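Chemist: kindly generate the corresponding structure for this input.
(one chain, ligands or ions: 1)
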Amino acid sequence: MSENVRPESMKRINTPELAQAFIEKSVAELRAQIGNKKVLLALSGGVDSSVCAALLIKAIGQQLVCVHVNHGLLRKGEPEQVIQVFRHELNANLVYVDAVDRFLDQLAGVSDPEQKRKIIGKVFIDVFAEEAKKQDGISFLGQGTIYPDILESHGVKSHHNVGGLPEELNFELVEPVKFLYKDEVRMVGKALGLPDGMVFRQPFPGPGLGVRCVGAITRDRLEQVRESDAILREEFAKAGLEGKVWQYFTVVPPFTSTGIKDGKRTDDRMVIIRAVNSVDATSATIEEVPYATLHVIVNRILAEVPGINRVLYDLSPKPIATIEYE
Ligand code: XMP
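Modeler: Down below sits the predicted model:
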């Protein structure tokens, strides 16, 4: 395990200069380790995999093959942002895999939260392994493991750790940010020129919107989660709450309630808004969002998201509630 202990000599990266120094040292080490060989990396668009990818691109350019799997549970605009930043701005070798139908078909009718997570993890590995098989001459597997992952789970990201990696992915690991804490990863990402929206984004669970479409996922309810989340994020940004509130999102439970529209009773679903503050996710308090902002969000969701007739604001702290709904 000694290779997984942060060296005592490593300074805390808390200035742009220290981030630059880390990048230079890391690029030299990556070039020495990888030579002219190829590295495969699953790029989710999250902070860790994005910073890992950007470092590898700087070090080895087109020898890095990034695979972005769209599992259909990403937020509105996320796959487009990954393609824009990595393919068009950083000129990366990026394979985009649209696996939406495959994931949603496998998840159809599954309501148990752990089973949903297992299916998402397993289909992800299957899709990624198939892409790996299509690539010639891969020698390394890049991973955006960060130091808290090592401290918590001995190195492999939990949502990827479903029964270990299959043979197709049995490559030597390249983990350039494995000794960094989250704030250091962000500092390095910023110094690498990644957009703020990617570097400073709120935590997002591996199973994505899947855990916010409570119970068995249906496509129409998933769209209600995605559209209401996009409205919430847009209005939080306008109200100056982006970057101030730790995590905020919407949830759509699998039941309906009565409403009234154009003089007729409706039997539609509801959106629940959750906005919490936390330091490390083990406990969380409720953000006191101004009523004026909440009204704007409620009115927009009711007007713009089809099939929604009610919006609720969840006031439950963690504990006793968890942050996510399942
Ligand atoms: P809970 O709901 O347990 O969430 O209070 C704590 C934090 O963890 C995130 N979360 C997940 N992250 N895979 C992840 O990568 C998951 O399955 C998962 N479930 C919850 C959650 O968004 C919150 O930040």
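Chemist: can you name the next helix or strand after whichever strand or helix holds V251?
Modeler: In the assignment (DSSP states H and E), V251 maps to strand 247-251. Next along the chain after strand 247-251, taking DSSP H and E as the criterion, comes strand 256-261.
Chemist: which other helices and strands does the strand holding V251 contact?
Modeler: Secondary-structure packing of strand 247-251 (3 or more CB pairs under 8 Å, 6 or more residues apart in numbering; DSSP states H and E): helix 219-238, strand 264-277. C-beta: built from backbone N, CA, C; applies to glycine.
Chemist: could you dump these to TSV with distance to Q115?
Modeler: Converted to TSV, the helices and strands packed on strand 247-251 look like this (distance: least, CB to CB, whole Å):
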stretch	distance to Q115
helix 219-238	17
strand 264-277	22
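Chemist: lowest-scoring secondary structure element of the chain by mean pLDDT?
Modeler: helix 147-153 (a mean of 91; mean pLDDT, DSSP states H and E).
Chemist: may I see the buried residues of it?
Modeler: Neighbour counts over helix 147-153 (16 or more other CB atoms under 10 Å) mark 147, 149-150 as buried.
Chemist: for that helix, the distance to its chain's centre please.
Modeler: Distance, stretch centre to chain centre, for helix 147-153: 17 Å (CA atoms, centre = their mean, to the nearest Å).
Chemist: the following helix or strand past that helix - contacts with which helices or strands?
Modeler: Using DSSP H and E, the helix or strand that follows helix 147-153 in sequence is strand 172-174. Using 3+ CB pairs under 8 Å, 6+ apart, the elements in contact with strand 172-174 are helix 16-34, strand 138-142.
Chemist: what lies in contact with strand 172-174?
Modeler: For strand 172-174, the surrounding residues in contact (CB atoms under 8 Å, 6 or more residues apart in numbering) are 30, 33-34, 39, 56, 139-143.
Chemist: host element of the closest residue to the ligand within the stretch 1-150 of the chain?
Modeler: Closest contact between the stretch 1-150 of the chain and the ligand, by CB to the nearest ligand atom, is at R117 (5.4 Å). Per DSSP H and E: R117 is located in helix 113-134.
Chemist: what residues of that helix count as buried?
Modeler: Across helix 113-134, burial judged by 16+ other CB under 10 Å covers 113, 116-117, 119-121, 123-128, 131-132.
Chemist: among those, which pair sits farthest apart?
Modeler: Within those, P113 and A132 form the most distant pair, 28.6 Å apart (CB to CB).
Chemist: which stretches of the protein aren't confidently modelled?
Modeler: Applying pLDDT under 70 to the chain flags residues 1-2, 154-163.
Chemist: which bits of it sit near the ligand?
Modeler: Selection of the chain residues close to the ligand by CB under 6 Å from any ligand atom yields 117, 159, 203, 205-207, 211, 247, 281, 318, 322-324.
Chemist: let's see it at 5 Å
Modeler: Residues of the chain lying close to the ligand (CB under 5 Å from any ligand atom) are 159, 203, 205-207, 281, 322-324.
Chemist: got a quick ChimeraX command for the buried subset of these?
Modeler: Filtering the residues of the chain next to the ligand down to the buried ones (16+ other CB under 10 Å) takes a single ChimeraX command:
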select :205,206,207,323,324
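Chemist: in CSV: the residues of the chain next to the ligand, plus distance to V225 and secondary structure.
Modeler: Converted to CSV, the residues of the chain next to the ligand look like this (distance: CB to CB, whole Å; DSSP: H, G, I helix; E, B strand; the rest coil):
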residue, distance to V225, secondary structure
H159, 18, helix
P203, 17, coil
P205, 13, coil
G206, 16, coil
P207, 12, coil
A281, 20, coil
T322, 17, coil
I323, 15, coil
E324, 12, coil
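Chemist: export the residues of the chain next to the ligand to a markdown table and tack on distance to N309?
Modeler: Shown next, in a markdown table, are the residues of the chain next to the ligand (distance: CB to CB, whole Å):
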| residue | distance to N309 |
| --- | --- |
| H159 | 33 |
| P203 | 30 |
| P205 | 27 |
| G206 | 31 |
| P207 | 27 |
| A281 | 32 |
| T322 | 26 |
| I323 | 26 |
| E324 | 24 |
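Chemist: which among the residues of the chain next to the ligand gets closest to S49?
Modeler: Checking these against S49 by CB to CB gives G206 as the nearest, at 10.9 Å.
Chemist: pretty sure the closest one is in contact with I120, am I right?
Modeler: Yes. G206 is in contact with I120 according to CB atoms under 8 Å; the separation is 7.4 Å.
Chemist: circling back: with distance to I272 added, can I get the buried residues of helix 147-153 in TSV?
Modeler: TSV is the format used below for the buried residues of helix 147-153 (distance: CB to CB, whole Å):
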residue	distance to I272
Y147	34
D149	30
I150	34
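Chemist: so which of the residues you listed is the closest to A230?
Modeler: Checking the buried residues of helix 147-153 against A230 with CB to CB, the nearest one is D149 at 28.7 Å.
Chemist: so how far is R6 from the closest one?
Modeler: As judged by CB to CB, to the nearest Å, D149 and R6 stand 12 Å apart.
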